[in-house]
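> no sequence for this one, just the structure:
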């Protein structure tokens, strides 16, 4: 009994020390994780902490430049841009996290099966992915949301669907090169069934590159969702959402009211930037080869 | 002609400066052939790149000089080096296919070099390129001129690389592991060609290799490198017969050669007597008329064409052949990872070929037939510690759990000579030899009766190969296992095996007791294989002579 | 048949299932999804009766398979339906507006290739130098920038603050007349008309949207060029070339870059996908009268036939672009079409 607790303690310790090692080794990773923590904090508690109701209009106070009360100024309806930007975090993160999660799960299963067994399954999957990829992805997302109806859920589905090919292709390639690897054959000789070999021996090795893909895709997913709402799909005013806020603010740029569009755009950019930076760190965390 | 003094090369890495070559000196006379021998990481290739001043980014010559024809290569201007490379000194490399530009016709690659060194102009470049191809005895050079590297075999690519190296009539050739990865018969053809052509042109040459036997056969003098230093230099025969340095001694011992015994591969102090193993009367494995046919793009590919043989209890059988002969397909079928097209595999009295590979995973006999894989690195999951790798078969196929499992894993590790404190390491934290031990421990975890060894030492340095081969021999007697040893190297096979099967193009061309096949080969292919293996000076006889001579001189 | 010719042939054949797939998906998006297409097609002002009429006219009361056959037949005749907002056939609308989008896309791609490829090559050749760091910053920032936001920022700085750029209101300031339409590309048409003034006016309007799009595509191309170039330069054949005494120029450009361009050409397919998506956003920001802003207007007006026509056109355009990329790849890489599995 003591043996087992010792072993598990050692494991936890080593996982934790590996995490701290990765964070210490690469300051960029540390920065990106800190920024990610900040966004998560905004998503969870932003709505409670912001100084103004993001939906409350006040026409007397419209288009105020940034000042001590309204840090990011106010928009054409007198709403506080800072409050709206912070509150929007939850919606934007939810869309991208859910979309990426869906495409990760579906793409991984499809890709792993096709990569391991090959044959007609592989052929069918490839045709399917080719067809999805035959559309410019943003345009396909536009078509899907337009057809399914203009809602937030449909934005999530559309974003998930256009991301599936990336995961499926990546996992397929990673699984395929390891299908005949010595350790996979050894696992078969050790009495693992095909499914066990695939799930517990081969697939985990695809995780490091997947992590990079996930972090890139989170960025794309946010950009994609914001882009869709920028052209009037999905999220509807007055819901605070970065893309739609930039779209609203765009009308006032020409007259010099830059803050209405710039702050939500900046937040959007920072979020995407954070996700992109996190990729290498996430990979290093799940890759035991980075341990020394 | 070439005189190197105190040459030191260092690389800047993330972890600071690493010295790959730490002050070496040697001379090379006109027309002489020098072999630089060492195991991986000894700095032998780095030395050659430093001479050519083509070190990778981060590498630099830290100290010393390399005098060539009155010019110090270590400090020469880049413009001068451009005229020396390919014109005065040229080089051929390992992995010849990758050494050629994949999207340029080989003829054009030759022309690039000829024109660079003003050996040809646009009008006669093609003719001269074809002449250069003919010079390395490429048949149908006119057609080969138009070929891309991917259309040529490995040996043919090496000839093209050689043609590029010789195109401008250089005076010194550096050959960096030119035959690693080539089949043994191709190796001989390439090496003979290199020797003949350099001799004809009265060129000097440097052969860099890990294979002491190869170097001894083709070189006048040898320099043995270890950890960036030359530990010993001398005429080939002398190095082989009377090595002075302990490391050279170890290398010489570990090099498989005709007449050597398994224990002789180890350093003298480790030569404990080998307990002989006994071969039973009953066949454990009977292979009957085994076929494997793949559906290829251009019609069916017959990988294995009806082979039959038996393996007796306790016997060690060697399966020998060159790449593509079907030996790996055969071993995959025997270990039941691959279903044969037809034929029987009778194991312990029943035909296991009738059980599909997918079903055999759940068969109780799964644990009786196991395998040690070719590449230890590739055969260990990079995400699993050594402990998990060894535990996996036990967890899947036995009831052992908890502290009994821990004890069993540690017992297996010590059986295979793996220190138990290494068990919690990941594969990338282990050396090549340690990884090989983990692979062996995993394979014997369930006390298999029959173990297939698929070139288990092919990726290892010779000194580690010697240790692993001896470990396998000890385990055989200790656990009473039967071996099928798959290899391309007849000399290695002979050390471990009682019986040898030679395969060529999916068929068995010869089989018989090991000594008989080795001493009196019947089939011409077996003879070709045997004669293609490098023949270092025989250690027992010549070392005696050397010792006597030296005693007489004193 | 020779290897390359066979490769070209088989690549052409491969586009057939893709086009079939595109048509099927586009059909599914039109008819087979929840929601009543008749309501969409009838437009926002329709009452129950006119919806019924539209349903019959469109054949929506027939079985799906029949509808599909009719749909394909319509497509083959070039009948994408009529746009509610303009009253014109969708195909005519798209054809009128496509050159505006293409002109912008091509300018942006040329610009980004001209910047990204040398940048990537330099970053790889001088690994660790300031060029390399610059490249890394641009690549990371580039993929993080929302196109529509970059566009707005550029407008604010160069139009509002500095006054260097013209108002972001379309292809040509209203004081100019469109050049006589020959190709639909204003730059080319104004040259044909020998109208230098219009040419410069067009070019001025093009600058900001071109930069916006180019910034967006710069990052993937530069990153791929750098990675491919690093890989090529560390290859064995580069060592052989150096050992044979070839000059640095020949080694880097003749041997390294040629090989590195292969993966870059492949990336261009992905870049096209991004560009064709981003153009919708950029056209909205700059009020560019291309097919992207047409689609946005149609979306707002719930003009369903127009949106469908747009999606299908974009997909077909992309299929053709990918075909061109793959065919040029076949011509560059001798290995395509041979035993490579």
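In hand now; what should we look at? Because the structure is a prediction, the values reported are computed rather than measured.

> Okay, now the unreliable bits of the chain?
Here I'm looking at chain A. Low-confidence segments of chain A, defined by pLDDT under 70, span residues A:1-14, A:291-292.

> actually it's chain C I care about, not the one you picked
Ranges of chain C meeting pLDDT under 70: C:1-4, C:31-45, C:58, C:337-341.

> Just want the most central residue of it.
The residue lying closest to the centre of chain C (Cα atoms, centre = their mean) is residue C:276, at 3.3 Å.

> Distance of it relative to chain A?
4 Å (Cβ to the nearest Cβ, to the nearest Å). No exception for glycine: its C-beta is placed from N, CA and C like everyone else's.

> Name the nearest residue to that residue, sequence neighbours excluded.
residue A:136 (3.5 Å; Cβ to Cβ, 6 or more residues apart in numbering or on different chains).

> cool, residue B:478 as well?
That would be residue B:415: by Cβ to Cβ, 6+ apart, it lies 7.6 Å from residue B:478.

> Which residues of chain B lie near chain A?
By Cβ under 8 Å from any Cβ of the partner chain, the residues of chain B that approach chain A are B:335, B:337, B:357-358, B:361-362, B:366-367, B:370-371, B:373-375, B:378-384, B:389, B:392-393, B:396-397, B:402-403, B:406, B:424, B:426, B:428-429, B:439, B:442-443.

> Off-centre distance for the helix or strand that contains residue C:211?
In this structure, residue C:211 sits in helix C:196-233 according to DSSP states H and E. In terms of Cα atoms, centre = their mean, to the nearest Å, the centre of helix C:196-233 is found 13 Å from the chain centre.

> and that helix, what other elements does it pack with?
helix C:90-125, helix C:130-144, helix C:147-154, helix C:186-192, helix C:258-285 (3 or more Cβ pairs under 8 Å, 6 or more residues apart in numbering or on different chains; DSSP states H and E).

> Buried deepest among those helices, which one?
The highest average neighbour count among the helices and strands packed on helix C:196-233, using mean count of other Cβ atoms under 10 Å in any protein chain shown, belongs to helix C:147-154 at a mean of 25.

> one step back: who's in contact with the residue nearest to residue C:276?
The neighbourhood of residue A:136, defined by Cβ atoms under 8 Å, 6 or more residues apart in numbering or on different chains, consists of C:272-277, C:314-315, C:318.

> Let's have those residues in JSON lines, adding distance to residue A:217.
Supplementary listing: these in JSON lines, determined by distance: Cβ to Cβ, whole Å:
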{"residue": "C:272", "distance to residue A:217": "19"}
{"residue": "C:273", "distance to residue A:217": "14"}
{"residue": "C:274", "distance to residue A:217": "14"}
{"residue": "C:275", "distance to residue A:217": "19"}
{"residue": "C:276", "distance to residue A:217": "19"}
{"residue": "C:277", "distance to residue A:217": "15"}
{"residue": "C:314", "distance to residue A:217": "22"}
{"residue": "C:315", "distance to residue A:217": "22"}
{"residue": "C:318", "distance to residue A:217": "20"}
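
> closest to chain B among those residues?
residue C:272 (23.4 Å; Cβ to the nearest Cβ).

> List the contacts of that closest one.
So residue C:272 contacts A:136, C:318, C:321-322, C:325 (Cβ under 8 Å, 6+ apart).

> Pick out the residue in the stretch 51-200 of chain A sitting closest to chain B.
residue A:182 (2.9 Å).

> okay, now that residue: neighbour count?
Using other Cβ atoms under 10 Å in any protein chain shown, residue A:182 is surrounded by 21 other residues.

> and it, what does it touch?
Per Cβ under 8 Å, 6+ apart, neighbours of residue A:182: B:373-375, B:378-380.

> Quick check: the two most widely separated of those?
For these, the maximum inter-member distance is 12.4 Å, found between B:374 and B:380 (Cβ to Cβ).

> Which one's more surrounded, the two?
Shown here are residue B:374 and residue B:380; by other Cβ under 10 Å, residue B:380 has more neighbours (27 against 20).

> Does the more buried one fall in a helix, a strand, or a coil region?
coil (DSSP: H, G, I helix; E, B strand; the rest coil).

> Once you drop chain neighbours, what's closest to it?
residue B:427 (4.2 Å).

> Settle this for me: that neighbour is touching residue B:378, isn't it.
No: using Cβ atoms under 8 Å, residue B:427 makes no contact with residue B:378, being 9.7 Å away.

> So what's the residue count around the residue nearest to residue B:478?
Neighbour tally, residue B:415, other Cβ under 10 Å: 17.

> Any idea which residue of chain C lies closest to chain A?
Closest point on chain C to chain A, by Cβ to the nearest Cβ, is residue C:277, at 2.5 Å.

> if I look at that residue, how far off is residue A:150?
18 Å (Cβ to Cβ, to the nearest Å).

> Just give me how far stretch C:13-24 sits from the chain centre.
19 Å.

> what's near enough to touch the residue in chain C that chain B sits nearest to?
The minimum distance from chain C to chain B, using Cβ to the nearest Cβ, falls at residue C:245 (3.3 Å). Residue C:245 sits next to B:81-87, B:90, B:113, B:116-117, B:168 when contact means Cβ under 8 Å, 6+ apart.
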